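1. only geometry, no sequence info:
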């Protein structure tokens, strides 16, 4: 049975989503269209490229997520270095290592740009903080004069994962008519983490032509959401200065996003993966914690599909 899937963001905790993917496949479900925000965009991109849950598990086991936290040695000077980098680059870390990582993984399946994927297969949410709006990639690139088909999938993932002040924002330059009449400075927009504006974008597959609900009996493919929830109290953040405060603030924001209220209609079609107290920006996660998160996703997915029936 085919489903559309929407994956919530949650930083390094997205490992749990990969476990839920494997459970979904074992339950006999296949993915038709996929979407995600922040780390959910990584899972969605890998699925769109043709990776399955077992392959994702191997990728996770082989990845040291702390390697994503790269910056020039000049910015490692205590206190002054990070402050200088935020002022100049607008982030504590570049995000380039994450982009290179996902690019290499996608290339192994022959995926570079959105042109290499079936049309409509993958949707990624990013936040345009210059204009204050949600952007759904690749379609939303047209408003910036950029060809959706020619845009790199890895770049889109990096945009969606760029936690403000933690990773550098991604700059896009307007092209064609979108840039006409604007000064050089006005031709650039800044894109950051999709979770800033929509961390769980179930709405992407909600409405279809004629007002039919994608999860209803009148539409062939139901939509299932995959969320990260706090099974235990999150670990406290150590606030030692303005930059650790920024990291804690955005970690809290992304972790708590959409937690207060979710319609009952959405709850019954959502796989809820316990995050085991792992924080959004805990990139120094141990192999044991990584395995536990993956197993948490496996159990959540198995429990969900044992009882779930599309409405």
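-> The structure has been received and is ready for your questions. Since this is a predicted model, take the numbers as computed values, not measurements. Numbering: from 1, shown residues only.
2. now the helices for the stretch 201-311 of the chain?
-> 242-256, 264-267, 287-307 (DSSP state H, counting those that start in this stretch).
3. Which of those has the lowest mean pLDDT?
-> Mean pLDDT is lowest for helix 264-267 among the helices of the stretch 201-311 of the chain, at a mean of 49.
4. Touching, residue 113 and residue 148? I think so.
-> No - look at residue 113 against residue 148 with Cβ atoms under 8 Å: they stay out of range, at 9.1 Å. No exception for glycine: its C-beta is placed from N, CA and C like everyone else's.
5. who are the neighbours in contact with the closest residue to residue 294 other than its chain neighbours?
-> Spatial nearest neighbour of residue 294, chain neighbours left out: residue 19 (4.0 Å); criterion: Cβ to Cβ, 6 or more residues apart in numbering. Taking Cβ atoms under 8 Å, 6 or more residues apart in numbering, we find residue 19 in contact with 53, 57, 273, 293, 294, 295, 296, 297, 298, 299, 300, 301.
6. now the second one, nearest residue through space, not along the chain?
-> Translated: residue 57. Closest to residue 57 by Cβ to Cβ, 6+ apart is residue 294, at 6.1 Å.
7. May I ask which helix or strand of this structure has the lowest mean pLDDT?
-> The weakest-scoring helix or strand in the chain, judged by mean pLDDT, DSSP states H and E, is strand 212-213 (a mean of 44).
8. follow-up on the earlier one: checking the residue nearest to residue 294 next. Helix, strand or coil?
-> Here residue 19 is helix, with the state taken from DSSP: H, G, I helix; E, B strand; the rest coil.
9. Residue 13 - how many residues pack around it?
-> 30 (other Cβ atoms under 10 Å).
10. scratch that, residue 121 is what I was asking about
-> Around residue 121 there are 17 other residues, counting by other Cβ under 10 Å.
11. cool, and residue 56?
-> For residue 56, the neighbour count with other Cβ under 10 Å is 22.
12. Now do the same contact list for it.
-> By Cβ under 8 Å, 6+ apart, the residues touching residue 56 are 18, 21, 22, 43, 46.
13. if we go to 7 Å?
-> By Cβ atoms under 7 Å, 6 or more residues apart in numbering, the residues touching residue 56 are 18, 21, 46.
14. Could you say which helix or strand holds it?
-> Using DSSP states H and E, residue 56 falls within helix 53-61.
15. Give the helix, strand or coil label for residue 23.
-> Per three-state DSSP, the local secondary structure of residue 23 is helix.
16. Touching, it and residue 296? I think so.
-> No - assessed by Cβ atoms under 7 Å, residue 23 is found out of contact with residue 296, at 10.5 Å.
17. next one: phi and psi at residue 166?
-> Phi and psi for residue 166, reported as degrees, to the nearest 10, are phi -90, psi -50.
18. let me fix that: residue 182
-> phi -100, psi 150.
19. what about it, neighbour count?
-> The burial count assigned to residue 182 is 11, neighbours taken as other Cβ under 10 Å.
20. On the pLDDT front, check it for me.
-> For residue 182, pLDDT reads 92.
21. ok, and the closest non-adjacent residue to it?
-> Among residues not flanking residue 182 along the chain, residue 174 sits closest, at 6.7 Å (Cβ to Cβ, 6+ apart).
22. what's around the one you found, how many residues?
-> Residue 174 has 17 neighbouring residues, counting by other Cβ under 10 Å.
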